[in-house]
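Got a predicted model here, sequence first, then my questions.
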Amino acid sequence: MQTSRPSPLETAPAPLEVRPRRRINLFWRTFFFLALLLFGSIIAWLQTFRSLETEPRAIQSAQQLATLVNTARVALRYADPIGRGMLIKTLAEEEHVRILTRDPKDAFEPYVSDEFGERIANELTRRLGKGTVVAGAVNHKEGLWIGFSIDSEAYWLLTDPSQLGPSRTSTWAIWLVTAAALSLAGAAVIARLINQPLKQLSFAASRMRDGDFDASRLDEQVATSEVREVNIGFNRMAAQLSKIEQDRVVMLAGISHDLRTPLARLRLETEMSVADPDARQHMVADIAQLDAIIDKFLDYARPEPAHLEPIVLNDVIAQSLYAVADYPDMNVAISIPENTRVLADRVDLSRVIANLLENSRRYGKSSDTGMAQVDISARVSDAWVLLKIRDHGNGVASEVLSRLTNPFFRGDVARTEATGAGLGLAIAEKTVLRMGGLFSLSNTGSGGLAAHIKLRRG
């Protein structure tokens, strides 16, 4: 085998996975819809309350103004000139109401600025008589002007219209902000209560996916009956899967153990009893192949988690190349930055790489040269290290690409004649997932199959 190290870094590897569009999670979606519903309800109730408040407040304000006008009319009618002047002065200082003589040449504008003002004007006209004038400005001076007459004399009563209007905008704003804050807090609490069981279920499912069946147990004593039924069903499913996994491991271990003894005896008897060297060599090779298949079974059945530690990827690659160093039909080109560290199990990662190299040597040979050209490259991306191992063979059909990591599956009819149990890629994927990484396969644009391994940076 020849090993070369090109100086330029190989082009970036293909993405390990198709990332879905970023979506809002369940908590924020529930919170948003609840907040929108509550806030919309507050606005609707606020508007309804203001609408219902307008007419009673307008009638009350018009009644107060009419009483003030009638009181001023009676006082002015029966007061002498000196008393009349004192009355006008007292009203201006204490009640902020001015009594002015009305000139027929006065120019005025109707007091109908909004629905509230129009309601007050109509109510005043009804209470004080048809000759009453309600103006919003007289001689370009704004205010609430009420024109009335005493015998043959005409007067204006001027008051501040802001004292008669509906509740101030600032008051409504304060109530609105307070109600909105309470609504948002309530929406957050409700969204959390709704999201909490699903979050616990998601965590338990992720732990069960990683083989930790004990940590995936959910609370079966929750108050909500629907959530309690889901938790009970999930726990029963996890218990059954755990039992199936344990039975599978025990069965494979038992079969492997029972086969090892007769295989060792067969190998000894073959080497001692078979006289033909060629026949003896072939029989020993077949027994060694069976023994290797048993090792594959045990590797695939291992349930224990990997022991992760920061390791130098360059050293693991160099160690993995020893297994294929004596093959004359294989050439490996390495392009990895120096001192690239990953968080992985050294032994498991070395076996995965050696497995992929052996797979490339068997099935990735070029039809022109009969050589297996394998390129190994890596690059660092944020908190991850992306490792790519590709050959320059014919690749595989796209319809079977996703099935290559299935146990005992072979992607090519020609590969049925190859030795092995069809577990190599399945073991590689399971081992990488056990180390907290991602594993995927893809056809390259220039021909050949590429294995992508994504591991956390060490």
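Done, it's in.

got a list of what the closest residue to Ala188 other than its chain neighbours touches?
The shortest distance from Ala188 to any residue other than its chain neighbours is 5.8 Å, reached at Phe31 (C-beta to C-beta, 6 or more residues apart in numbering). (Each C-beta comes from the backbone N, C-alpha and C, glycine too.) Counting by C-beta atoms under 8 Å, 6 or more residues apart in numbering, Phe31 makes contact with 187-188, 191.

what about Phe31, is that helix, strand or coil?
What DSSP: H, G, I helix; E, B strand; the rest coil gives for Phe31 is helix.

now do the one 5 residues further on
Three-state secondary structure (criterion: three-state DSSP) places Leu36 in helix.

Look up how far Leu124 lies from Gln63.
Gln63 is 9 Å from Leu124, where distance means C-beta to C-beta, to the nearest Å.

more neighbours, those two?
Between Gln63 and Leu124, counting by other C-beta atoms under 10 Å, Leu124 is the more crowded of the two (24 against 14).

tell me which element that one is part of?
Secondary structure assignment for Leu124, by DSSP states H and E: helix 115-128.

And the strands in the stretch 101-250 of the chain?
With DSSP state E, counting those that start in this stretch as the criterion, the stretch 101-250 of the chain has strands at 108-110, 133-138, 141-150, 153-159.

can I get those strands in CSV with distance to Gln246?
CSV is the format used below for those (distance: least, C-beta to C-beta, whole Å):
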stretch, distance to Gln246
strand 108-110, 91
strand 133-138, 88
strand 141-150, 88
strand 153-159, 90
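
can you tell which of those is closest to Ser320?
strand 141-150 (90.5 Å; C-beta to C-beta).

which parts of the closest one are buried?
Neighbour-count burial for strand 141-150 flags 143-148 (criterion: 16 or more other C-beta atoms under 10 Å).

Considering those residues, which is situated nearest to Gly85?
Nearest member of these to Gly85, counting by C-beta to C-beta, is Phe148, at 18.4 Å.

May I have the beta-bridge partners of the closest one?
Beta bridges link Phe148 to Tyr155, judged by DSSP bridges.

So it is in contact with Tyr155, correct?
Yes: applying C-beta atoms under 8 Å as the test, Phe148 and Tyr155 come out as touching, 6.0 Å apart.

how about the helices in the stretch 301-450 of the chain?
Per DSSP state H, counting those that start in this stretch, the stretch 301-450 of the chain carries helices over the ranges 313-320, 346-363, 398-401, 424-434.

For these, give me TSV that also has distance to Ile294 and mean neighbour count.
Shown next, in TSV, are the helices of the stretch 301-450 of the chain (distance: least, C-beta to C-beta, whole Å; neighbours: other C-beta atoms under 10 Å):
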stretch	distance to Ile294	mean neighbour count
helix 313-320	22	18
helix 346-363	15	21
helix 398-401	27	12
helix 424-434	13	21
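
So for Ala275, which of these sits nearest?
helix 346-363 (32.3 Å).

what mean pLDDT does that closest one have?
For helix 346-363, mean pLDDT is 85.

can you count the residues close to Ala92?
Ala92 has 14 neighbouring residues, counting by other C-beta under 10 Å.

That one touches Arg98, doesn't it?
Yes: judged on C-beta under 8 Å, Ala92 makes contact with Arg98 at a distance of 5.1 Å.

For the stretch 151-300 of the chain, give me the ranges with low pLDDT.
Within the stretch 151-300 of the chain, the segments meeting pLDDT under 70 span 162-172, 210-211, 249-250, 252-258, 260-261, 289, 292-293, 295-300.

Please, where are all the helices along it?
169-209, 225-273, 277-301.

so what does the longest one touch, helix or strand wise?
Under the contact definition 3 or more C-beta pairs under 8 Å, 6 or more residues apart in numbering; DSSP states H and E, helix 225-273 sits against helix 169-209, helix 277-301.

Same list, the ones you listed, but as a markdown table with distance to Phe49 please.
Formatted as a markdown table, these follow (distance: least, C-beta to C-beta, whole Å):
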| stretch | distance to Phe49 |
| --- | --- |
| helix 169-209 | 9 |
| helix 277-301 | 70 |
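
Mind putting the ones you listed into TSV with mean neighbour count and distance to Asp368?
Converted to TSV, the helices and strands packed on helix 225-273 look like this (neighbours: other C-beta atoms under 10 Å; distance: least, C-beta to C-beta, whole Å):
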stretch	mean neighbour count	distance to Asp368
helix 169-209	14	43
helix 277-301	15	30
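
returning to that earlier point: for Met251, find the nearest of the helices of the stretch 301-450 of the chain.
helix 424-434 (17.2 Å).

How far does that closest one sit from its chain's centre?
Distance, stretch centre to chain centre, for helix 424-434: 28 Å (C-alpha atoms, centre = their mean, to the nearest Å).

average pLDDT for that helix?
Averaging pLDDT along helix 424-434 yields 83.

Quick one: work out the angle between that helix and helix 169-209.
140 degrees (axes from the mean of the first three to the mean of the last three C-alpha atoms, to 10 degrees).

Packing partners of helix 424-434?
Packed next to helix 424-434, using 3+ C-beta pairs under 8 Å, 6+ apart, are helix 277-301, helix 346-363, strand 438-443, strand 449-456.

Next, format those as JSON lines and append distance to Ser206.
Converted to JSON lines, those look like this (distance: least, C-beta to C-beta, whole Å):
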{"stretch": "helix 277-301", "distance to Ser206": "22"}
{"stretch": "helix 346-363", "distance to Ser206": "21"}
{"stretch": "strand 438-443", "distance to Ser206": "14"}
{"stretch": "strand 449-456", "distance to Ser206": "16"}
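
Looking at these, which is nearest to Ile232?
Minimum separation from Ile232 across these (C-beta to C-beta) falls at helix 277-301, 29.5 Å.

Give me the distance between the residue lying farthest from the centre of the chain and Ala325.
Going by C-alpha atoms, centre = their mean, the residue of the chain most distant from its centre is Asp80, 83.0 Å out. Applying C-beta to C-beta, the value for Asp80 to Ala325 is 129 Å.

Ok, Ala428 next?
Applying C-beta to C-beta, the value for Ala428 to Ala325 is 20 Å.

And for Glu55?
As judged by C-beta to C-beta, Glu55 and Ala325 stand 96 Å apart.

Settle it for me: which of the two has more neighbours?
A direct count of neighbours by other C-beta under 10 Å for Glu55 and Ala325 places Glu55 higher, at 13 against 10.

is it true that the more buried one lies in a strand?
No: applying three-state DSSP, one finds Glu55 to be helix, outside a strand.

For it, which residues are in contact?
When contacts are counted by C-beta under 8 Å, 6+ apart, Glu55 touches Arg119.

And for Arg456?
Residues in contact with Arg456 (C-beta under 8 Å, 6+ apart) are 342-343, 383-385, 436-437.

I'm done for today, thanks for sticking with me.
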